[in-house]
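Student: sequence first, predicted model second:
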Amino acid sequence: MFDILLSGLDSFQSWQVIGGVIFGTVIGMVVGVLPGLGPLIGIILMLPVTFHMEPVAGMGMLMSIFVAGSCGGAISAIVLRIPGTPLAAATLLDGYPMAKNGRAADAIGLAIASSALAGVLGGVVMILGAPALAAVATNFGPPEYFALAITGLLSISVVSNESTIKGLMTGALGVLIAMVGSDPLSNAARFTFGTNALSGGIHIVAIIVGLFALSEAAFQILEGGFRKKPEVQDVRVSMRSLWMALRHWKNLLRSSTIGVFFGALPGASGIIASFTAYAIARSRPLKGDAPYGEGAEGGVVATESANNAACGGAMIPTLALAIPGDAATAVLLGALLLLGLVPGPQMFALSGDAVGGIFLAFLVSNVVLFFVGMLMTPLFVRVLKVRKQYLVPSVLLLSIVGVYSVQSRVDDLWVMLIFGVLGFALRRYGYPLAPIVIGLILGPIAEGSYRRTLLFSDNGPWFILERPIATTILAIDLLVLIVAFTPSEWRRSALGWVRLKRS
Amino acid sequence: MSATQNSRRDPDTDVVARVALGEWLLLAAFVALALFVHQQILGPLTDEGYASGDAVNNAALFPRLVANLILGLCALQLVQLLRRRVRLSPEFLHPATRETVWRCLVASAVLFAYVLGLPLLGFYPATGAFLLALFLLLKARPVWIAALVAVLLTFVVGYVFEELLRVVLPQGRLGLPGQG
C-alpha cells in the first residue's frame, strides 16, 4: 500500500493537483447541493477542463467532484427535504426531522464529517483492493480481456434500473460509435462516409456532454418552475460535528463497510448502500439518540457514511479491471483514457506513479471535503437560492465552451448537439445512457481482444473456452443474462420454491 | 403522453394501453442502424478488401457481430412492444405543459443558432446574445439584471478559458467589437 502511495507522491506534489482537488471539492458540493445536477453532471461539465491538466491533477479534480457531489446532496435533503442527488434520498429520513427540531447545523455537520471519515476508509480499502485485484489480472491474455470487457458491458446494462434489452441496445450502440474512424489493426476507414473529419473517430467528450448535459438541460426546461426560489435559513456548522460523528463509530464503520461492498458491485451503487446501512443502523440505535425517523443522528451517519464509502468501493473494479459500476465511474474511466492512462490491470504496471498520485488525490479529497464543508456550508446553502432560469443557461454555456476547448473545433459542437437530441430521445423512452459510455470505452478493448484471440488460435472463437478464467467469467455473464431475461414471475416462484424447501 | 396514460403498475414493466409512437420510432432507428452497418460492410469495406481475411485485416468482423446483436435485441424489443410491456421512464411520466414544451423547442433553436453563429460573430458577442436570449426565454426579469448577468458570465467564462486554460475561442469574421 505504502509503496504505491510513495511512488505517487512526486506526481501529487504540485499546486495544480492540490488546487484541482480543492476546486473539484467546491464544484462537487455545489452540483451535489443543486437538485437535478449531481456528481455525474459535475464530472461531465469539468471533463473538458481536465484535457488541459496533468493526468493526476485532472483525475484528482474529477474524483473530488465525485466524492463531494456524493455528499453535497445531503445539504438540500436536510434543509429543504429535497435530496440534491438520489444518493441523499435516505439522508432526509432523519436529516430533515433534525432540521425541523432546530438542529440543521448539527445534521449537515454530521453528514459532512461522516462522509469525509467514511470516504477515507473507502479510499484505504480502494488502495488495498485495487492493486491486489489488478495483480491477479496482470497475467490475463486477450481471451480474458475480452471476457472482462463483456462483463463490463453487461453489468451496467443488466443491473441498471431500466429495461435490460434497452440497456444492451444502448451498450451495443456505444460499441458501434467507438468503431467510427480508422480501425487500429487494419487501418481501414469504418463508417466515415469518406470524410477526413470522421477518420479520427468521434470525440468522447462531445458525445458524453451531449448525451447527459444537453438532455438534462432540456428535461429541466420541460419541468418548468424557472423562477422558484426556496426559502432557506443560514446555517453554520462547527468542528464539533467530527466528535459527534465519532460518537457513532460502530455505526460509521459498519455503514462504511456496507458502502464499500455495494460500491464495488457493478450497478449496485451508493443508493442501495445508504438504504441498507440505514435499515441496519435503525435496528441498532445508540443510547441517548432520538428515535429513527424523528431526527436520529445515527440515521444521518449511516446513510452518509455508506454513500461516500461507496465511492472508494466503486473505484476498485473501475481502476483494476476497467469495469465501471455506474454512469459517473464510466465517465471517470473515459477521463482516464483522455488523460493518456489505459485503465485496467496494465495501468498499475505501466503508470504506477500516476495511480499512486490518483490514490493520494482521492484520500486528500475526503480530508478537503471536511474542511471545505465546515467553512463553506453557508455558501452552499445560499447556492440553493440560484434560480433555474440562470442555472440552466449557465450549464449549457459551460457544456458548449468545454466541448469546444478540447480540440478548438466547432464541428465538435455539432456532434454534441446531435448526441444531445439522441440523449433526449433515448432518456424519454427509457433507454439508459450509461451503457453508451461503457460501450465507447470498452468496445475497442473488446474488439481488439477478440480479434487477437482469433489470431492466436486455430480453433476460432471457441479458443476462449480453452482458457479457464475466461470461461468462468463468460459463464457468470451468461448466468447473469439468463437471470435478467427470466420473467419476474418465474424468478419469484423459483425463489418461493427454494424458501419452501429450506423451511 | 396520452398513449400510455391508462397504465397499470407491474414490478418490472408497465403494461400500457397503447405503445407510444416514440418507442416504435426508436426501435426502427436501431434496426436502421444495424442495416446501415451491414450496408457499409457489403459496400465500402468489401470494395476495399477489409470485409474478409484473417482477424487483423477483417475490419468488418466485430461490427457485423455487433450489428447482428442489435438486430437480435430489436427482435426481443419488438416482442415486448407487441405485448405492450414497456418500462416507462420518469422523464416520460413527468407531465410537461404546452408552454414548457414550447420554451424547450425555442431554447433548442437558440442553441442551434448559437452554434451556427459562433464562428461568424465570435465568442463574446454570440455568447452574450445567447445567454440573454435564454435568460429571457426562461422568464428572467427585470431585463437589465438578465443582461448584466449575461455579460458578466460571458466575460468570466471567456477569461477562464482564454487566460487560465489558454484556449483560443472563436474570433468571428464580421469585425464586431470584442472580436480578434
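Tutor: Right, received. Where do you want to start?

Student: not counting residues beside it along the chain, what's closest to residue B:133?
Tutor: In space, and not counting its chain neighbours, residue B:133 is closest to residue B:110: 4.9 Å by Cβ to Cβ, 6 or more residues apart in numbering or on different chains. Heads up, the C-betas are built off the backbone N, CA and C, glycines and all.

Student: can you dump the C-alpha atoms of the helix or strand harbouring that neighbour in PDB for me?
Tutor: Using DSSP states H and E, residue B:110 falls within helix B:98-121. Taking C-alpha atoms only, helix B:98-121 is exported to PDB below (Å, rounded to 0.1, in the frame of the first residue of the first chain):
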ATOM      1  CA  ARG B  98     -47.700  23.000 -23.700                       C
ATOM      2  CA  GLU B  99     -45.800  26.100 -22.500                       C
ATOM      3  CA  THR B 100     -42.700  24.300 -21.300                       C
ATOM      4  CA  VAL B 101     -42.600  22.200 -24.500                       C
ATOM      5  CA  TRP B 102     -42.700  25.500 -26.500                       C
ATOM      6  CA  ARG B 103     -40.000  27.000 -24.400                       C
ATOM      7  CA  CYS B 104     -37.800  23.900 -24.800                       C
ATOM      8  CA  LEU B 105     -38.200  24.000 -28.600                       C
ATOM      9  CA  VAL B 106     -37.300  27.700 -28.700                       C
ATOM     10  CA  ALA B 107     -34.300  27.000 -26.400                       C
ATOM     11  CA  SER B 108     -33.200  24.300 -28.800                       C
ATOM     12  CA  ALA B 109     -33.500  26.800 -31.700                       C
ATOM     13  CA  VAL B 110     -31.500  29.400 -29.800                       C
ATOM     14  CA  LEU B 111     -28.800  26.800 -29.000                       C
ATOM     15  CA  PHE B 112     -28.700  25.800 -32.700                       C
ATOM     16  CA  ALA B 113     -28.400  29.500 -33.800                       C
ATOM     17  CA  TYR B 114     -25.600  30.000 -31.300                       C
ATOM     18  CA  VAL B 115     -23.500  27.100 -32.600                       C
ATOM     19  CA  LEU B 116     -24.200  28.400 -36.100                       C
ATOM     20  CA  GLY B 117     -23.300  32.000 -35.200                       C
ATOM     21  CA  LEU B 118     -20.300  31.300 -33.000                       C
ATOM     22  CA  PRO B 119     -17.700  31.100 -35.800                       C
ATOM     23  CA  LEU B 120     -19.300  34.100 -37.500                       C
ATOM     24  CA  LEU B 121     -19.900  36.500 -34.700                       C
END
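
Student: hmm, back to that, hmm, the residue nearest to residue B:133 is touching residue B:134, no?
Tutor: Yes. Between residue B:110 and residue B:134 there is a contact under Cβ atoms under 8 Å: 5.9 Å.

Student: which of those two has more neighbours?
Tutor: For the pair residue B:110 and residue B:134, the greater number of neighbours falls to residue B:134 (27 against 19), based on other Cβ atoms under 10 Å in any protein chain shown.

Student: the more buried one: what's it in contact with?
Tutor: A:392-393, A:396, B:107, B:110 (Cβ atoms under 8 Å, 6 or more residues apart in numbering or on different chains).

Student: just the buried members of these?
Tutor: Neighbour-count burial (16 or more other Cβ atoms under 10 Å in any protein chain shown) applied to the contacts of residue B:134 gives A:392-393, A:396, B:107, B:110.

Student: from the residues you listed, which is closest to residue B:66?
Tutor: Using Cβ to Cβ, residue A:396 comes nearest to residue B:66 of those, at 32.5 Å.

Student: coming back round to it: neighbouring contacts of the helix holding residue B:110?
Tutor: A:214, A:217-218, A:221-224, A:396, A:400, A:404, A:410, A:413-414, A:417, B:96, B:126-127, B:129-130, B:133-134, B:137-138, B:170, B:172-174, B:176, B:179.

Student: any idea how far that helix is from the chain center?
Tutor: In terms of Cα atoms, centre = their mean, to the nearest Å, the gap separating the centre of helix B:98-121 from the centre of its chain is 13 Å.

Student: can you pull the buried residues of that helix?
Tutor: Going by 16+ other Cβ under 10 Å, helix B:98-121 has these buried residues: B:100, B:103-104, B:107-108, B:110-111, B:114-115, B:117-118, B:121.

Student: give me phi/psi at residue A:190?
Tutor: Dihedral angles of residue A:190 (phi, psi; degrees, to the nearest 10) stand at phi -110, psi 130.

Student: okay but it is in contact with residue B:45, surely?
Tutor: Yes. Using Cβ under 8 Å, residue A:190 is in contact with residue B:45, at 7.0 Å.

Student: any shared contact partners between these two?
Tutor: residue B:59.

Student: quick one, grab the pLDDT at the residue nearest the centre of chain B.
Tutor: The residue lying closest to the centre of chain B (Cα atoms, centre = their mean) is residue B:108, at 10.3 Å. On pLDDT, residue B:108 comes in at 97.

Student: please tell me how far it sits from residue A:211.
Tutor: 15 Å (Cβ to Cβ, to the nearest Å).

Student: contact residues of the stretch 151-300 of chain A facing chain B?
Tutor: Within reach of chain B by Cβ under 8 Å from any Cβ of the partner chain, the stretch 151-300 of chain A has these residues: A:162-163, A:165-166, A:168-169, A:172-173, A:175-176, A:179, A:183, A:185-186, A:188-191, A:194, A:214, A:217-219, A:221-224, A:226-227.
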